[in-house]
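>>> no sequence on this one, just coordinates:
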Ligand code: MEV
């Protein structure tokens, strides 16, 4: 029987004490919560510093994407994902891309936007111009907040002021554009926005309310392009199928959401493996996909003059090497070491290439055999485990289900119960 969720002083307890209390209040055994307390490479002490009320960690598999050549460099890319087939798909797409030279990437400077909202401004159009006039003062104020960032070559870059017609009347919204170098930059730009807000309110007679970064980081774009030779991918019908699949996504938001989810299967896996903020990147990507006013495909696919398949991907990628979990998490550090990345923009470019590879693999399968055939082999293993198979039983049950074309928990249980099926232990 679950107990009360009101736990005074919970945050003051050690993680193990919290976990014991959680089991007690949830009305379950300590054994049922034990997996939560296994902190792996992160360690409970570090985990406890990352978030509040920490009781443990969640282990997610990390797979290595092989075969990638990005900007002429052979590279192994760690991907953290719970979804079967995701890593294999990138490996395969990258292998097929090698004939065309692999992936070419680029990125803008890592410029983050922070917004300052001013309400109750009597003359918003004049206020906009007044703020724009004082760019140098704004630059000085922003840069004064973060001397280390300036020392690393980052800092204030530009200013934009918009008058937004919102319900309840116009509001004046100032954007500061800040180069955050190798940091994701949330702390840097939020500090600047908070410092600047009272000054803007004073100049305009308005009232400052929100002061926060925008996750639509569209001044911080990463781009990847790649040509797959038609002969390498199964011929012109496959190539044309991929282009038709893209056109479907670009024309229809229902398909675009799934198409872009496929892109993000790759993107998020690398973002997570490197301890970066998956939600920030996801929010930015989807907002960018709707940038024309309609939600569309993040990638674009066409046929080259030589008749080969060209894919491009451009998306906001607010990722860094310092700050947040990236610096603290030993696994994230190990993942960065595997890739040998030494700048934030380089990481963003690698992620864009992985996103494009992931998208290629999904479209190729969708335009040919469909996803279920390949997916089922791995999925069948998960189902076998869920049904209680262990050791060698897992493969036997999984194979038997795939052979029957029936990958379901009830089938797995029946196969386990029936040794004559060849799957019993
Ligand atoms: C599954 O995780 C991703 C796909 O649905 C992507 C797509 O449909 O393009 C296969």
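Received it, and whenever you're ready, just let me know what you need. Just so you know, these numbers come straight off a predicted model, no measurement behind them. Numbers count the residues shown, from 1 in each chain.
>>> so how far is the ligand from residue 381?
Residue 381 sits 17 Å away from the ligand, going by Cβ to the nearest ligand atom, to the nearest Å. C-beta: built from backbone N, CA, C; applies to glycine.
>>> tell me which parts of the protein are close to the ligand?
83, 258-259, 261-262, 265, 362, 366, 371 (Cβ under 6 Å from any ligand atom).
>>> Mind doing that once more with 8 Å?
When proximity is defined as Cβ under 8 Å from any ligand atom, the chain approaches the ligand at 83, 85-86, 245, 249, 255, 258-259, 261-263, 265, 359, 362-363, 365-366, 371.
>>> quick one: which of the residues you listed sit in helices?
The helices, defined by DSSP state H, take in 86, 245, 249, 255, 258-259, 261-263, 265, 359, 362-363, 365-366 from the residues of the chain next to the ligand.
>>> before we move on, back to that, list buried residues within the residues of the chain next to the ligand.
85-86, 245, 249, 255, 259, 262-263, 265, 359, 362-363, 365-366 (16 or more other Cβ atoms under 10 Å).
>>> Wait, a strand at residue 396?
No. The assignment for residue 396, made by DSSP: H, G, I helix; E, B strand; the rest coil, is helix rather than a strand.
>>> For the ligand, what's the nearest residue on the stretch 151-300 of the chain?
Closest approach between the stretch 151-300 of the chain and the ligand, counting by Cβ to the nearest ligand atom: residue 262, at 2.7 Å.
>>> Tell me how far the closest residue to that residue other than its chain neighbours lies from residue 63.
Distances taken as Cβ to Cβ, 6 or more residues apart in numbering put residue 362 closest to residue 262, at 3.9 Å, once the chain neighbours are dropped. Computed as Cβ to Cβ, to the nearest Å, the residue 362 to residue 63 distance reads 16 Å.
>>> Skip the chain neighbours and tell me the closest residue to the residue in the stretch 1-150 of the chain that the ligand sits nearest to.
Nearest to the ligand, among the residues of the stretch 1-150 of the chain, is residue 83, at 5.9 Å (Cβ to the nearest ligand atom). Closest residue in space to residue 83, ignoring its immediate chain neighbours: residue 265 at 6.5 Å, by Cβ to Cβ, 6+ apart.
>>> ok, that neighbour - contacts?
Residues near residue 265 by Cβ atoms under 8 Å, 6 or more residues apart in numbering: 81, 83, 86, 89, 358, 362.
>>> buried ones in stretch 336-346?
Buried residues in stretch 336-346 (16+ other Cβ under 10 Å): 336, 339, 341, 344-346.
>>> likewise stretch 176-188?
Of the residues in stretch 176-188, 176-186, 188 count as buried by neighbour count, 16+ other Cβ under 10 Å.
>>> for stretch 212-226, same thing?
The neighbour-count check on stretch 212-226 (16+ other Cβ under 10 Å) flags 213-226 as buried.
>>> Provide the count of other residues in contact range of the residue lying closest to residue 233 once chain neighbours are set aside.
Take residue 233 and drop its neighbours on the chain: the residue closest to it by Cβ to Cβ, 6+ apart is residue 96, 5.6 Å away. Look at residue 96: counted by other Cβ atoms under 10 Å, it has 21 neighbours.
>>> Let me see the confidence value for whatever residue of the stretch 301-425 of the chain ends up closest to the ligand.
The ligand sits closest to residue 362 of the stretch 301-425 of the chain, with a gap of 3.7 Å, by Cβ to the nearest ligand atom. Looking at residue 362, its pLDDT reads 98.
>>> One more: residue 406?
Note on residue 406: pLDDT of 91.
>>> in a helix, that's where it is, yeah?
No. Counting by three-state DSSP, residue 406 is not part of a helix but coil.
>>> And the strands in the stretch 251-400 of the chain?
Under the criterion DSSP state E, counting those that start in this stretch, strands of the stretch 251-400 of the chain are mapped to 299-303, 309-316.
>>> Which helix or strand contains the closest residue to residue 13 other than its chain neighbours?
In space, and not counting its chain neighbours, residue 13 is closest to residue 21: 7.0 Å by Cβ to Cβ, 6+ apart. Element membership for residue 21, per DSSP states H and E: helix 15-26.
>>> what comes into contact with that helix?
With contact meaning Cβ under 8 Å, 6+ apart, helix 15-26 is reached by 2-5, 7, 10, 13, 29-30, 32-33, 36-37, 44, 47-48, 53-56.
>>> swap in stretch 362-379?
Contacts with stretch 362-379, where a contact means Cβ under 8 Å, 6+ apart, come from 84-85, 88-89, 93, 233-234, 238, 241-242, 244-246, 259, 262, 265, 301, 398, 401-402, 407.
>>> If you count neighbours, what's buried in it?
The neighbour-count check on stretch 362-379 (16+ other Cβ under 10 Å) flags 362-367, 374-377, 379 as buried.
>>> Could you do stretch 314-333 as well?
Buried residues in stretch 314-333, counted by 16+ other Cβ under 10 Å: 314-321, 323-326, 329, 331-333.
>>> so how far is that stretch from its chain's centroid?
Averaging C-alpha positions (Cα atoms, centre = their mean, to the nearest Å) puts stretch 314-333 11 Å from its chain's average.
>>> again with stretch 25-41
For stretch 25-41, the distance to the chain centre is 28 Å (Cα atoms, centre = their mean).
>>> What are the buried residues along that stretch?
The neighbour-count check on stretch 25-41 (16+ other Cβ under 10 Å) flags 33, 36-37, 39 as buried.
>>> Which of the residues you listed fall in helices?
residue 33.
>>> can you give me the helices for the stretch 251-400 of the chain?
Under the criterion DSSP state H, counting those that start in this stretch, helices of the stretch 251-400 of the chain are mapped to 253-273, 278-289, 324-328, 330-339, 344-366, 372-386, 392-404.
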